[in-house]
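S.K.: when you get a sec, could you give me coordinates for this:
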Amino acid sequence: MFGWEFPPYQAGGLATATLGLVKGLLQTGLQVTLVVPFPIDGRVLPELRLVSTAGLRVALRRVRVPSPLTPYGGVGEYAAGRAAAARRIPGTRGTTPYGVDLFHEIERFSDVAAEIAETEPHDVIDCHDWITYPAAQRAHEVSGRPLVAHIHATERDRSGAGENAEIRRREREGLLAADHIICNSLRMRRQVVESYKVDPARIHVVPWGLDDPSAAPDVPEPQPFPDDEPVVLFVGRVTRQKGPEYFIEMARRVADVVPHVRFVVVGTGDLLPQIIDRTVELGLAERVHFTGGVSGPDVDRAFRMATVCVMPSVSEPFGLVALESLRNGTPVIVARNAGVAEVVRNALRADFWDIERMADQVAGIIRYHELHRELRAHGLEEVTHPRFGLAEPARRTVDIYQRALVGAVRSH
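M.R.: Residues are numbered from 1 along each chain as shown. As a prediction, the model looks like this:
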């Protein structure tokens, strides 16, 4: 399996989804060799803490390919990562063996992938998103094993009208080269078919699951705000895709009608300076709190201190944040076009651009305690169903592996 983001190196939901899939696959008895491009920074084995449940240390093998590639990084971000990697690696004196640009680096990663495919025993090749597709394709050329590609978000999802033509081309090539494709929602499946003319018979929908859907939301924890001050939460990358600007505009309308309300933005991203400036312009500087990036138990604490979580994503192939919010007993409002809206019943919905509707929904959840209690109780009950755990996505993924293997045998 070729991965792009994996704890502790993560910037969004891809790391959580990959970790969950790996855990689920290992629990089925599969052996997984995970190949990941991480920078060299002295942290050699900290990710084992995240996968060290019974039996995982033995079955999971990790192959680390030194690289300045970063989660969700684009062409522009690569140069900064390359320079930072040079500073971190002893003896480089400001230079690195890495490519002069992101695409050259991906090719170098692909060359290493070919070597790994020659030496590592494997039956199926799996990969996650466009940056790993070339590596998986090279591995496929070397070993001839069937190739399964996950698509968590397309270049259109990430960049909108600012799509990078070269990334889009590589994304298309990787998807067309795969024997089978796994999407996390019907929405994503439709987009892959329409955008890349992929045969829909090769595309399978496997929604994400939670590692621990039965968290303990009633555990009391210190609260940073007084009990009479409700908290409205945003969790995610502060980028165009996640719609933080709509969250801030909505916040102004909620603040106009709900006294003492607080807003918390959890995450980092390229739009953060712009969002902070807009917060000041709207007179919300004392009401909006920016935490920066958080991880692990702190994410659950953020959900538990909130009255409601809002996801105004412009493009959301799935939306794991919604499941995490419900697991922690926090009602959630999701974008109507989000993939998670296909599978979750106990969440309110609004178009990402409809800030008036979102503001009304937030105010209603805050004001009407019975509505809050109903959404909380039903959301908790729903998300603890086995279909939202790790076993179901893993089972369905294994079925796809089996189909790929059968197809490979028939083709020969």
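S.K.: look up how far residue 195 lies from residue 179.
M.R.: Going from residue 179 to residue 195 by Cβ to Cβ, to the nearest Å gives 20 Å. For every residue, glycine as well, the C-beta is placed using N, CA and C.
S.K.: more neighbours: which of the two?
M.R.: residue 179 (20 against 15; other Cβ atoms under 10 Å).
S.K.: ok, the more buried one touching residue 144?
M.R.: No: between residue 179 and residue 144 there is no contact, the gap being 11.2 Å when judged by Cβ atoms under 8 Å.
S.K.: list residues touching both of the two?
M.R.: residue 408 (Cβ atoms under 8 Å, 6 or more residues apart in numbering).
S.K.: which stretches of the stretch 51-200 of the chain form strands?
M.R.: Ranges of strands within the stretch 51-200 of the chain are 60-66, 125-128, 147-151, 180-183, based on DSSP state E, counting those that start in this stretch.
S.K.: may I have the last one as CSV, with CA atoms only?
M.R.: So that's strand 180-183. Extracted in CSV, the C-alpha atoms of strand 180-183 (Å, rounded to 0.1, in the frame of the first residue of the first chain):
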residue,chain,number,x,y,z
HIS,A,180,-10.5,-1.3,-9.4
ILE,A,181,-11.2,2.1,-7.8
ILE,A,182,-12.6,2.8,-4.3
CYS,A,183,-14.5,6.0,-3.6
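S.K.: which other helices and strands contact it?
M.R.: strand 147-151, helix 186-196, strand 203-205, helix 391-411 (3 or more Cβ pairs under 8 Å, 6 or more residues apart in numbering; DSSP states H and E).
S.K.: show me what it is in contact with.
M.R.: With contact meaning Cβ under 8 Å, 6+ apart, strand 180-183 is reached by 146-151, 175, 189, 192, 198, 202-206, 317, 397, 400, 403-404.
S.K.: how about a cut-off of 6 Å?
M.R.: 148-151, 175, 189, 202-206, 400, 404 (Cβ atoms under 6 Å, 6 or more residues apart in numbering).
S.K.: just checking: what are the partner strands of it?
M.R.: Paired strands of strand 180-183, with direction, are strand 147-151 (parallel), strand 203-205 (parallel) (DSSP bridges).
S.K.: quick check: next helix or strand after the shortest one?
M.R.: What it means is strand 203-205. strand 231-235 (DSSP states H and E).
S.K.: tell me the strands beside that following strand, with direction?
M.R.: Strand 231-235 has the following sheet partners, assigned by DSSP bridges: strand 262-266 (parallel), strand 308-311 (parallel).
S.K.: report how many residues lie close to the nearest residue to residue 260 once chain neighbours are set aside.
M.R.: Computed as Cβ to Cβ, 6 or more residues apart in numbering, the closest residue to residue 260 that is not its neighbour in sequence is residue 229, at 4.5 Å. Neighbourhood size, residue 229 [other Cβ under 10 Å]: 15.
S.K.: and the strands in the stretch 251-400 of the chain?
M.R.: So, for the stretch 251-400 of the chain - with DSSP E, counting those that start in this stretch - the strands run 262-266, 288-292, 308-311, 332-335, 348-350.
S.K.: deepest of those, which one?
M.R.: Highest mean neighbour count among the strands of the stretch 251-400 of the chain (mean count of other Cβ atoms under 10 Å): strand 308-311, with a mean of 28.
S.K.: what stretches of the chain score poorly on pLDDT?
M.R.: Applying pLDDT under 70 to the chain picks out residues 8-12, 38-102, 213-220, 409-412.
S.K.: how about 90 then?
M.R.: Residues of the chain meeting the criterion pLDDT under 90: 1-121, 129-132, 152-167, 208-224, 227, 293-300, 317, 384-387, 407-412.
S.K.: which parts of it belong to which domain?
M.R.: Domain assignment for the chain by automatic domain parsing gives 13-209+390-411, 231-388.
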